[in-house]
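J.: coords please:
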Amino acid sequence: MKSDFLTSTTHFNPSIFLPKIPSRNSRITIKSSSSSKVRPDPWSLSDGNPEKPKPRYERPKHPLSDDDARRIIKKKAQYLSTLRRNQGSHAMTPKWIKRTPEQMVQYLEDDRNGQMYGKHVVAAIKTVRGLSQRREGSDDMRLVMSSFVAKLSFRDMCVVLKEQRGWRQVRDFFSWMKLQLSYRPSVVVYTIVLRLYGQVGKIKMAEETFLEMLEVGCEPDGVACGTMLCTYARWGRHTAMLTFYKAVQERGMVLSTSVYNFMLSSLQKKLFHGKVIDLWLEMVEEGVPPNEFTYTLVVSSYAKQGFKEEALRAFGEMKSLGFVPEEVTYSSVIGLSVKAGDWDQALGLYEDMRSRGIVPSNYTCASMLSLYYKTENYPKALSLFADMERNKIPADEVIRGLIIRIYGKLGLFHDAQSIFEETERLNLLADEKTYLAMSQVHLNSGNVVKALDVIEMMKTRDIPLSRFAYIVMLQCYAKIQNVDCAEEAFRALTNTGLPDASSCNDMLNLYTRLNLGEKAKGFIKQIMADQVQFNIELYKMAMRVYCKEGMVAEAIELVDKMGREAVVKDDRFVQTLAEAMHIEINKQDKHEAVLNVSRLDVTALGMLLNLRLKEGNLNETKAILNLMFKTDLGSLAVNRVIGSFVREGDVFKAEILADIIIKLGFRIEEETVATLIAVYGRQHKLKEAKRLYLAAGESKTLGKSVVSSMSDAYVRCGWLEDAYGLFMESAEKFCDPGAVTISILVNALTNRGKHREAEHISRTCLEKNMELDTVGYNTLIKAMLEAGKLQCASEIYERMHTSGVPCSIQTYNTMISVYGRGLQLDKAIEIFSNARRSGLYLDEKIYMNMIMHYGKAGKMSEALSLFSEMQKKGIKPGTPSYNMVVKICATSRLHREVDELLQVMERTGHCTDSSTYLSLIQAYAESSQFADCEKTITLMQEKGIPLFHSHFSLLLSAFAKAGMMDEAERIYCKMSEAGISPDSACKRTILKGYMSCGDAEKGILFYEKMVSSVEDDRFVSSVVQDLYKAVGKEHDIPVGLGYSAECWAVMSVRNLRFRRVIFESDSKDAVEVPTKSMTVEEDDDAAETAIEERWSLYEAYNESLWRRNWRRRPKHRGACGGTANRRILKDQFFSNEDQINEPNRQVLDINL
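T.: Residues are numbered from 1 along each chain as shown. Model prediction:
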């Protein structure tokens, strides 16, 4: 738009009347008079008709200028606005104004009836608006408006123009308007046209109209110029807007606040925050009073530009003028304070906002969550998140990402995963930062696989990976020690720029842990060539690699480089290396220099020791050790170095250092000695461990940790007697080895069957009041239970209860076994009730333990009720649990319950195994349901379930007891058909059945028929002898029946003596077997008679004992039971001459 208005620099001063801006609380008071005199409306415009002039008293002395007309229009609008606002019980409505009859007639003719305009004006407005529905150019405005010629005053035409909506109607009507006689050029009408063109974006037409206004001689006022500026601002023509604004400034026009707000808002929408700030400064310089919206825009732009002080200054001015900042204004300054690290300022602003009752937005909440996350005030963060949910503030992806990070810091990994999944369900998951936050949470929790899965999810969703994503990937691969993938991630990271020091440190750490020395050295060389910026941690890692590989020259060069770097040269690590690198060379100077170092870095000294040991330079090593022991840190630093060697697995260097320290006469710390002994124990180097233990004893460093480590070493190497002796020795010295050591020792002794020693340790712990934890007490109770010392186990539990040590579920379970085995069911029930009240989760194991003891006590209703309760609580019993319930039901002859349980097992998918059907066969056999027994065996064969001797022996025994020997022989033969060879027990069962039925002949026939199928034992031989004796065929007893070749060889012994043999069981007192002493000549018959008499005595007692315990308890086969027991007894009977002369001793402790 070219005009003298924009190019001329001549200032013009229009007569603009700027009234005083009313205060915010001002109200317009409407007054009326009761006088009959009619007062004219002071805000009425002249109709411009010279033929009918108004009375003199209604005419002003001076004609109204356009500026006065503008003022009147504004006052009228303010008056109408006040009327609309104050409707209600206190409405400020004016009283009726008395009109003359002529005036009333004119009022009725106008037919206003409360309308703002007359009916002719309304008709004109509707006529012009109606043209918008017709095609352009189809109508001529002159013809359409012909009926309104000379009827519309200038004011009426302005009203018609103002009420139009379409730009074409405005253009055509304005052209018609200029042809009327009552029209006179005025800035008002041009301003109306400019505003309407600006609303629809017809900027070119607006510029032409503005030029026309200048050409007709109408000087634009502030409103017209402001309208033009608002048009440019509305449609984003910022260059033209700023150019026009400069022209307005040159002519000294003062724009209104609303125009400035319009321009500021337009610039801010396009993110021209710098121009917003410049325009704001010009507005302040012009003296235009800003309003609340102005401050909101300015504070936001200052915040976006990062001008904290200016933003806070504008914010303070806003509050000082009485404006209440909006939430977005508070949010801007809070976010700016959080980014600047001014936590107190941000918290104060937030508290001020909340005190005014302003509900924060999600952006403000995100800023505060970020503040709480950075300051590690996690409770406040969670409280704010709860407030957001209570106030129904929607959490966007940024807030959810922050909550995920906070949950990760608190260790609430499951909650973080739930938030992440919820974000994905709500389709809010789009930002890479949220994915990486969840990945880091998984990484910190140790679940690297899930962390990599999240990154893989990003790839599948085409989310580009940033530099930070590659850093997280590298951390994941380094943690799982995947070298190839870590190197690939590092290469991808280098493609985005130079790698950071932390990533390089991760790679070096990975190479070091995997002992990839060559790769580590090459990597250090590469990053130095690439000029990667090292930090102190990366320098430490590089130095560790050089020292571990024995690269002395490279280490010296690296120390020199660190000494030249201003960032790290003052670090304690660097100073220690620089002073102690050549301690042996120029010893005096170096010695004094190092002594002046206030604090030596243990890591640096350890690296130097590692370097010198790798180099084999013992002189430097001794010099460094001497120096370290002379410093304030003393032995503590050296022992930390040794400990670091042990943790890194380099035990050889730790041994060398320990030997040097001992030879130099220095003292090794107790913890270091304990650590080395523990390492020797793991390596089964008991000799070295004992040597170090003795050396510690001489140096008076024999403490609790040393004794514990030595005891553990003894246990690991299997020297339980020495471990037991060490414990008793330390107990006499009132040295408590600790609950862990006691638990390990007692458990090892129990597993080896050394119950007496375990009992001694338990009683010693109680007598010496040694401090035990829950695990320690559980171990002692279990040991006493396995040793059969139930009273001692009960005493230990009582001590645990009185000491206030909390019981675990294992404690309650073990004590139920203790009282159940001791037939104290009431106490077992009490323990189970205590477990319920403790609040611990009762698992399947403790339930089944209690059910088993209910069943053994014959209380089947309580057992089945407890089994149902366990299932109702959601504990699904497994196959062993079902088998146990089936067994106790079968023992109690509850056959219907057994069948129901088997059906339930099949429905729930639990496979029935051999033990299940064994319990069922036992139930049927005891109730003499032989057919069901056979059906069960047949069913097992059909299902392919393996059969054993025990399944058939139960049915054989039942038939034999019932005297059905034919059926018993049939079952005996059926065993062979099933692929199971009958053993001697089955054979003995049938022979005893014949003996009981009094049919010895058939028994002998059965024996002679099956004599070659099964090898006889001494029990079968005894029954066969009874059969032959029953029919009077003692002389037909087979020779050597029941005796092995070893027994017959012993019979040739000439001098035989009988001695006392004591048999003991766990439930009976000692049984003394009477002895005989006799001298036998060298006579075979006499020797045989003596042997028979001696062995028959043993057989009679042993078989009676075996029969009594067979039904009472299950058989145990072990080192001291079963056939081995009988063989030991036999060897004791048939001992040589030297053994016969030994004093009486215990032969066997039968474990049943």
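J.: Give me the most central residue, the protein.
T.: With distances taken as CA atoms, centre = their mean, the chain has Phe413 as the residue nearest its mean C-alpha position (1.6 Å).
J.: give the contact list for the nearest residue to it once chain neighbours are set aside.
T.: Nearest non-adjacent residue to Phe413, counting by CB to CB, 6 or more residues apart in numbering: Ser445, 4.5 Å away. Using the backbone N, CA and C atoms, a C-beta is placed for each residue, glycine as well. Applying CB atoms under 8 Å, 6 or more residues apart in numbering, we find Ser445 in contact with Gly408, Gly411, Phe413.
J.: Which residue comes closest to the second one once chain neighbours are left out?
T.: What it means is Gly411. Ser445 (7.7 Å).
J.: can you give me phi and psi for the residue nearest to Phe413?
T.: The phi/psi pair for Ser445 (degrees, to the nearest 10) reads phi -80, psi 0.
J.: How much space separates it from Ile480?
T.: Distance of Ser445 to Ile480, given as CB to CB, to the nearest Å: 14 Å.
J.: What of Glu671?
T.: Using CB to CB, we find Glu671 at a distance of 32 Å from Ile480.
J.: can you pull out the strands in the protein?
T.: Here the chain has its strands, by DSSP state E, at 1062-1064, 1071-1072, 1146-1149.
J.: Check the burial of Glu351 by counting its neighbours.
T.: Counted with other CB atoms under 10 Å, the neighbours of Glu351 add up to 9.
J.: that older thread, turn the contacts of Ser445 into TSV, including pLDDT and distance to Pro325.
T.: Shown next, in TSV, are these (pLDDT from 0 to 100; distance: CB to CB, whole Å):
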residue	pLDDT	distance to Pro325
Gly408	91	35
Gly411	88	39
Phe413	90	40
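J.: What's the local residue count around the residue lying closest to Val324 once chain neighbours are set aside?
T.: Distance criterion CB to CB, 6+ apart; nearest residue to Val324, sequence neighbours excluded, is Arg356 at 6.8 Å. Residues lying near Arg356 (other CB under 10 Å) number 10.
J.: now the one 10 residues further on
T.: Here the count is done by other CB under 10 Å, and Ala366 has 22 residues near it.
J.: which regions of the stretch 151-300 of the chain sit below the pLDDT cut-off?
T.: By pLDDT under 70, the stretch 151-300 of the chain has no low-scoring segment.
J.: related to what we said a few turns ago, pick out whichever of Glu671 and Ile480 has more residues nearby.
T.: Shown here are Glu671 and Ile480; by other CB under 10 Å, Glu671 has more neighbours (18 against 13).
J.: Need the pLDDT of the more buried one.
T.: For Glu671, the pLDDT comes out at 72.
J.: what does Asn626 give?
T.: Confidence score, pLDDT, at Asn626: 70.
J.: Give me the distance between it and Val328.
T.: Distance from Asn626 to Val328, by CB to CB: 69 Å.
J.: Give me the neighbour count for Ser332.
T.: 25.
J.: I'd guessed it sits against Leu312; true?
T.: No. Assessed by CB atoms under 8 Å, Ser332 is found out of contact with Leu312, at 10.4 Å.
J.: from what I can see Tyr972 touches Pro982, true?
T.: Yes. Contact criterion CB under 8 Å: Tyr972 and Pro982 qualify, at 5.9 Å.
J.: list residues touching both of these two?
T.: What both Tyr972 and Pro982 touch, as defined by CB under 8 Å, 6+ apart, is the set Phe952.
J.: I'd like the distance between Phe262 and Thr191.
T.: Here the criterion is CB to CB. By it, Phe262 lies 15 Å from Thr191.
J.: quick one, which of these two is more surrounded?
T.: Just comparing Phe262 and Thr191: by other CB under 10 Å the higher neighbour count belongs to Thr191, 25 against 21.
J.: Who's the closest spatial neighbour of that one, skipping the chain neighbours?
T.: Here the residue nearest Thr191, using CB to CB, 6+ apart, is Ala224, at 4.7 Å.
J.: so who does the one you found touch?
T.: Contacts of Ala224 (CB under 8 Å, 6+ apart): Val187, Tyr190, Thr191, Leu194, Phe210, Met213.
J.: Need the nearest residue in space to the fifth one, chain neighbours excluded.
T.: With sequence-adjacent residues excluded and distances taken as CB to CB, 6+ apart, Phe210 is closest to Met228, at 6.0 Å.
J.: same question, the second one
T.: Closest residue to Tyr190 apart from its sequence neighbours, by CB to CB, 6+ apart: Met213 at 4.2 Å.
J.: For that neighbour, the count of nearby residues, please.
T.: Using other CB under 10 Å, Met213 has 23 neighbouring residues.
J.: Could you double-check that it lies in contact with Asp221?
T.: No. Under the criterion of CB under 8 Å, Met213 is not in contact with Asp221, lying 10.5 Å apart.
J.: is it true that Leu161 touches Val189?
T.: Yes. Using CB under 8 Å, Leu161 makes contact with Val189 at a distance of 6.6 Å.
J.: Mutual contacts of these two, please.
T.: Counting by CB under 8 Å, 6+ apart, the common neighbours of Leu161 and Val189 are Phe174, Met177.
J.: Quick one: residues contacting Gly738.
T.: For Gly738, the contact set (CB under 8 Å, 6+ apart) comprises Lys704, Ser708.
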